[in-house]
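*Asks:* Mind folding the following:
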Amino acid sequence: MLENTETEGKKIVFIDEMPWMDTQKSDFLTGLDFFWNAYASAEKNIVLIVCGSASSWIVKKLLKNRGGLHNRVTQQIVLQPFTLKETEEYFMAKGIALSRYQMAESYMIFGGVPYYLSLFQKKYGLSQNVDNLCFNQNGKLRDEFEELYASLFNNYENHIAIVKALSTKTKGLMRSEIVDLTKLPNGGNFTKTLQELELCGFIRKYNAFEKKQKEAIYQLIDNFTLFYYNFMAENRSGDEHFWTNLLENPTHRAWSGYAFEQVCLSHITQIKRKLGILGVHTKTSSWRCKTEEGGAQIDLLIERNDNVINLCEIKYSKAEFVIDKKYNAELRGKKELFHRESKTRKALHQTLITTFGIKHNEYWGEVQSEVILDDLFN
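*Replies:* Coordinates of the predicted model:
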């Protein structure tokens, strides 16, 4: 067919969702190998573009191919979710009127996934859109969770078992802890499953401050999966206005704190810009103290090459955040514990990341810097 086209210039062959074509016994990759190496690569005017939402398949089958397709990729485009700023621009282009606070909450539920955002109807507010998409009997995202994992992974039940385990521990789990909770065999297939989830952006693997690689922690970071396990998985109420009626519920408040933390972690560049350290090399991590009863933890550490560490606390609230005497003592205590345990010689700057800033009272001066929600939209 390509030989018969009379088009001058480049001939574009575009294949969307290629991983779905590689079914069992299809020999799809063998055919693709033959097409490219025996014909298309010799034709200087043919450009082959392939896409796939299953990132793990693209990486393993194409980018790391050890056969005839090895080193054949000339350009890569990694499509990331929208940032908050891009989400705002999209909503404005679609005529959807939401405040930045509401946009942030929509991001906490759906992430920056354009498909999910495209389902919003401008005649409804945020809570109505969430109800219509997730809790209505005919909601377009009511069955999205299992369909999503089934479309991306073989043996997806194992992937779901892992994210379900991680959803119970928001600060993350070590590999051995995931094995204990899921009862999955701790072998090569388990490693492969973790890698696939990480490549597709459902989980992240990170080291706590000054911890060794073998003590790496896995954390669920996919917004919709987290939302599903908090509110959709066990919801048998049949209430089609579930989200609207839950807004002042303690469960909602508990979820929103962690979900906002994940939004902040996906906007580190914007945080660094507000702090004026965009050009400074940094490492980010978290910290958890095990030496004190009950433990203490810091949401985000930004360790800088200019001998400063920002100790970032992340707080989600509907108004200015108030640092009272009790919380001020807590901040001081964490800072002292971190200094004693880490034995760092770097300066420690207390940073608060909040939705609407810090109320200026007798304690707010203890904080060296602050970042607000508007800064995350820059």
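
*Asks:* gap between stretch 239-249 and the chain center?
*Replies:* In terms of Cα atoms, centre = their mean, to the nearest Å, the centre of stretch 239-249 is found 24 Å from the chain centre.

*Asks:* Show me the shaky parts of the stretch 201-350 of the chain.
*Replies:* Counting by pLDDT under 70, the stretch 201-350 of the chain has low-confidence residues at 210-214, 290-295.

*Asks:* who's in contact with residue 172?
*Replies:* Contact partners of residue 172, counting by Cβ atoms under 8 Å, 6 or more residues apart in numbering, are 166, 206, 217-220. (C-beta placed from N, C-alpha, C; glycine too.)

*Asks:* I'd like the distance between it and residue 334.
*Replies:* 19 Å (Cβ to Cβ, to the nearest Å).

*Asks:* rewinding a little: which of the contacts of residue 172 fall in strands?
*Replies:* 206, 217-220 (DSSP state E).

*Asks:* For stretch 257-273, which residues meet the burial criterion?
*Replies:* By 16 or more other Cβ atoms under 10 Å, the buried positions in stretch 257-273 come out as 258-267, 270-273.

*Asks:* Just the residues contacting that stretch, thanks.
*Replies:* The contact list for stretch 257-273, computed with Cβ under 8 Å, 6+ apart, reads 81, 83-84, 104, 107-109, 112, 170, 221, 223, 226-227, 278, 280, 282, 284, 299-300, 302, 312, 314-316, 353, 355, 371, 375-378.

*Asks:* Quick check: end-to-end length of it?
*Replies:* Its first and final residues considered, stretch 257-273 spans 23 Å by Cα to Cα, to the nearest Å.

*Asks:* Give the buried subset of the contacts of stretch 257-273 as a ChimeraX selection command.
*Replies:* The ChimeraX selection below is limited to those of the contacts of stretch 257-273 classed as buried (16+ other Cβ under 10 Å):
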select :81,83,84,104,107,108,109,112,170,221,223,226,227,282,284,299,300,302,312,314,315,316,353,355,371,375,376,377
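
*Asks:* Among the contacts of stretch 257-273, name the ones in helices.
*Replies:* Judged by DSSP state H, those include 84, 104, 107-109, 223, 226-227, 375-376 as members of helices.

*Asks:* Where does pLDDT dip in the stretch 1-150 of the chain?
*Replies:* Looking at the stretch 1-150 of the chain by pLDDT under 70, you get 1-7.

*Asks:* Please name the residues that touch residue 348.
*Replies:* Contact analysis of residue 348 by Cβ under 8 Å, 6+ apart lists 308-309, 311, 335, 338-339.

*Asks:* I'd like the residues you listed laid out as a markdown table, including secondary structure and neighbour count.
*Replies:* Below are the contacts of residue 348 laid out as a markdown table (DSSP: H, G, I helix; E, B strand; the rest coil; neighbours: other Cβ atoms under 10 Å):
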| residue | secondary structure | neighbour count |
| --- | --- | --- |
| 308 | strand | 17 |
| 309 | strand | 24 |
| 311 | strand | 22 |
| 335 | helix | 17 |
| 338 | helix | 21 |
| 339 | helix | 15 |
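
*Asks:* closest to residue 252 among these?
*Replies:* Taking Cβ to Cβ as the measure, residue 252 lies nearest residue 311 of those, at 27.3 Å.

*Asks:* ok, now how distant is that closest one from residue 133?
*Replies:* In terms of Cβ to Cβ, residue 311 sits 38 Å off from residue 133.

*Asks:* Next: residue 105.
*Replies:* Distance from residue 105 to residue 133, by Cβ to Cβ: 14 Å.

*Asks:* And the strands in this protein?
*Replies:* Here the chain has its strands, by DSSP E, at 11-15, 46-50, 173-174, 203-206, 217-220, 282-289, 296-304, 308-315, 347-354, 369-372.

*Asks:* As JSON lines, these with distance to residue 182 would be great.
*Replies:* Shown next, in JSON lines, are these (distance: least, Cβ to Cβ, whole Å):
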{"stretch": "strand 11-15", "distance to residue 182": "35"}
{"stretch": "strand 46-50", "distance to residue 182": "33"}
{"stretch": "strand 173-174", "distance to residue 182": "10"}
{"stretch": "strand 203-206", "distance to residue 182": "13"}
{"stretch": "strand 217-220", "distance to residue 182": "12"}
{"stretch": "strand 282-289", "distance to residue 182": "22"}
{"stretch": "strand 296-304", "distance to residue 182": "24"}
{"stretch": "strand 308-315", "distance to residue 182": "29"}
{"stretch": "strand 347-354", "distance to residue 182": "33"}
{"stretch": "strand 369-372", "distance to residue 182": "36"}
